[in-house]
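starting from these lines, generate the structure:
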Amino acid sequence: MSETDPALVRATEFLDHDSPVVRRFVRDALGDDAGGTDVDKAVRLYYAVRDGIRYEVYGADLSRRGLTASGVLERGFGFCVHKSIVYAAALRAVGVPSRIVYGDVRNHLASPRLRELVGGDVFRFHSLTSVHLDGTWVRATPVFNKMLCKLYRIRPLDFDGRSDSLYHPFDEQGRQHMEFLQMRGEFDDVPYDLVVDGIRTAHPLLFASSYTTATGSLVAEATTQEDSRAGENQVPA
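All right, here's what the predicted structure looks like:
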């Protein structure tokens, strides 16, 4: 285990790695490599969260229960806030210190509907995870799964456990994708009221109810955009 504040490996209300569902997720992700180095385990858990939990903004649960690592795993999907919580909890389950990071980003490739619900292209309280490995802190973003990246023509983010894994500034066609506008800090546990009230205040149209986001499908929206691009590129007979 990395030597740092022991509080950063403890279970909390939201990083509830002592729950059976989180421990099962970690066990399944590591398999026979459970005895590897901290870096090995952090990397395997990163990909398990990135590709094993569906990224979805729509229909997401932002209740207190919905933002626990076990709650996210039980539903099987969520967006950056949810997936970063699962990764932080999974890391702590194997003794790797972790924190939750929040910042504001500009997403240049959001769908027209998502732009309307968000109120533009700036998303408040984007989340990622800070990981303590080999005596230093690195940041990792296990958010967009490989399948969704393919649909949106974005390179999936990799993580080697030694350098930061942040959003690529450009997609595969060289179009600007996402940029960080400001960082809001790192936290030992989820600052629930700050995050949920902050997202609700900044993006009220995104919510269908007090704690649930609007219905929809990022996959469906990506497919619609792809069909539209294909139609535009067709040569008239």
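
and the helix or strand encompassing residue 82, average pLDDT?
Secondary structure from DSSP states H and E places residue 82 in helix 80-93. Helix 80-93 comes out with an average pLDDT of 98.

which elements pack onto that helix?
Where contact means 3 or more C-beta pairs under 8 Å, 6 or more residues apart in numbering; DSSP states H and E, helix 80-93 is packed against helix 20-30, helix 38-52, helix 69-75, strand 98-107, strand 122-133. Using the backbone N, CA and C atoms, a C-beta is placed for each residue, glycine as well.

the last one - contacts with which helices or strands?
This means strand 122-133. Strand 122-133 makes packing contacts with helix 38-52, helix 80-93, strand 98-107, strand 136-140, strand 178-187, helix 192-202 when contacts are defined by 3+ C-beta pairs under 8 Å, 6+ apart.

with the first one instead?
Contact analysis of helix 20-30 by 3+ C-beta pairs under 8 Å, 6+ apart lists helix 38-52, helix 69-75, helix 80-93 as its packing neighbours.

now do the third one
For helix 69-75, the packing partners by 3+ C-beta pairs under 8 Å, 6+ apart come out as helix 20-30, helix 80-93.

closest one to residue 147 among the helices and strands packed on helix 20-30?
The closest of the helices and strands packed on helix 20-30 to residue 147 is helix 38-52. By C-beta to C-beta, the value is 7.8 Å.

show me what secondary structure element comes after that closest one.
For helix 38-52, the following helix or strand on the C-terminal side (DSSP H and E) is strand 54-55.

for residue 112, phi and psi?
phi -60, psi -40 (degrees, to the nearest 10).

residues touching it, list them.
Counting by C-beta atoms under 8 Å, 6 or more residues apart in numbering, residue 112 touches no other residue.

pLDDT score assigned to it?
pLDDT, residue 112: 90.

now do it against residue 144, distance only.
Computed as C-beta to C-beta, to the nearest Å, the residue 112 to residue 144 distance reads 19 Å.

equivalent analysis for residue 36, please.
The value you get for residue 36 to residue 144, if C-beta to C-beta is used, is 25 Å.

tell me which of the two has more neighbours.
residue 144 (25 against 14; other C-beta atoms under 10 Å).

what's the spacing between that one and residue 126?
12 Å.

now residue 121. Its backbone dihedrals?
Residue torsions, per degrees, to the nearest 10, at residue 121 are phi -110, psi 10.

wait, doesn't it sit right on residue 111?
No. At 10.8 Å, residue 121 does not count as touching residue 111 under the criterion of C-beta atoms under 8 Å.

okay, these two: which has more neighbours?
Remark: of residue 121 and residue 111, residue 111 carries more neighbours, 18 against 15, as counted by other C-beta under 10 Å.

tell me the contacts of the spatially most central residue of the chain?
Residue closest to the average C-alpha location in the chain (C-alpha atoms, centre = their mean): residue 80, at 2.8 Å. By C-beta under 8 Å, 6+ apart, the residues touching residue 80 are 55, 126-128, 141, 143.

any quick PyMOL command for the buried ones out of those residues?
To isolate the buried ones among the contacts of residue 80 in PyMOL, judged by 16 or more other C-beta atoms under 10 Å, type:
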select buried, resi 55+126+127+128+141+143
